[in-house]
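A.B. asks: what follows is a predicted structure for the sequence shown.
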Amino acid sequence: MSFCVRDMVAVTTAADGSATAYSVGLTGKLSQIRYVKTDFTDGVDFTITNESTGETLWAEDNVNVSATRAPRQATHSTAGVAALYAAAGSAVLDKIALANDRIKIVIAAGGDTKTGAFHFLVD
């Protein structure tokens, strides 16, 4: 039996256009992150990381509209070598695992007291 969990985090910036917010603890594989623009200033910058490991889940500058991303990470063999689809081929990517981890959202250049939301889908 499989299931998905969605956590939505509304973020409001301070007067200087910055904000930091956190999701609840999430467990599973991160399928996607959806940014929903409310009234953040055009050109908002955000960095989204796993709070416990610091691993970057999504970092993008100068965002003007709502967007969805499906972050993936490189996989490796048991010898620590990058897994490839074929010799000298493309890297094999997989969803990023979370183990009761909070997701940290850091906003810059969002505008004075502006809002937006982030939806995290984990399966």
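C.D. replies: Nice, thanks for sending it over.

A.B. asks: does the residue lying farthest from the centre of the chain lie in a helix or a strand, and which?
C.D. replies: In the chain, Ala87 marks the outermost C-alpha relative to the chain mean, sitting 30.6 Å out by CA atoms, centre = their mean. Using DSSP states H and E, Ala87 sits in no helix or strand.

A.B. asks: quick one: low-confidence ranges for this structure?
C.D. replies: Within the chain, the stretches with pLDDT under 70 are 1-2.

A.B. asks: name the residues that touch the strand of greatest length in it?
C.D. replies: Longest strand of the chain, by residue count under DSSP state E: strand 26-37. For strand 26-37, contacts defined as CB atoms under 8 Å, 6 or more residues apart in numbering pick out 4-5, 7, 46, 48, 57-58, 63-71, 94-103, 116-123. C-beta coordinates here come from the backbone N, C-alpha and C atoms, glycine included.

A.B. asks: can you list the strands that it pairs with?
C.D. replies: strand 67-69 (antiparallel), strand 96-101 (antiparallel), strand 115-122 (antiparallel) (DSSP bridges).

A.B. asks: which one of those strands lies nearest to Ala21?
C.D. replies: Among these, strand 115-122 comes nearest to Ala21, with 8.0 Å by CB to CB.

A.B. asks: hey, C-alpha coordinates of the closest one in PDB?
C.D. replies: Output of strand 115-122 as PDB, limited to C-alpha atoms (Å, rounded to 0.1, in the frame of the first residue of the first chain):
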ATOM      1  CA  THR A 115       3.400  36.000   1.100                       C
ATOM      2  CA  GLY A 116       3.800  32.800  -0.800                       C
ATOM      3  CA  ALA A 117       3.300  29.100  -0.200                       C
ATOM      4  CA  PHE A 118       5.300  25.900  -0.700                       C
ATOM      5  CA  HIS A 119       3.700  22.500  -1.100                       C
ATOM      6  CA  PHE A 120       5.900  19.400  -0.400                       C
ATOM      7  CA  LEU A 121       4.700  16.100  -1.800                       C
ATOM      8  CA  VAL A 122       6.300  13.000  -0.200                       C
END
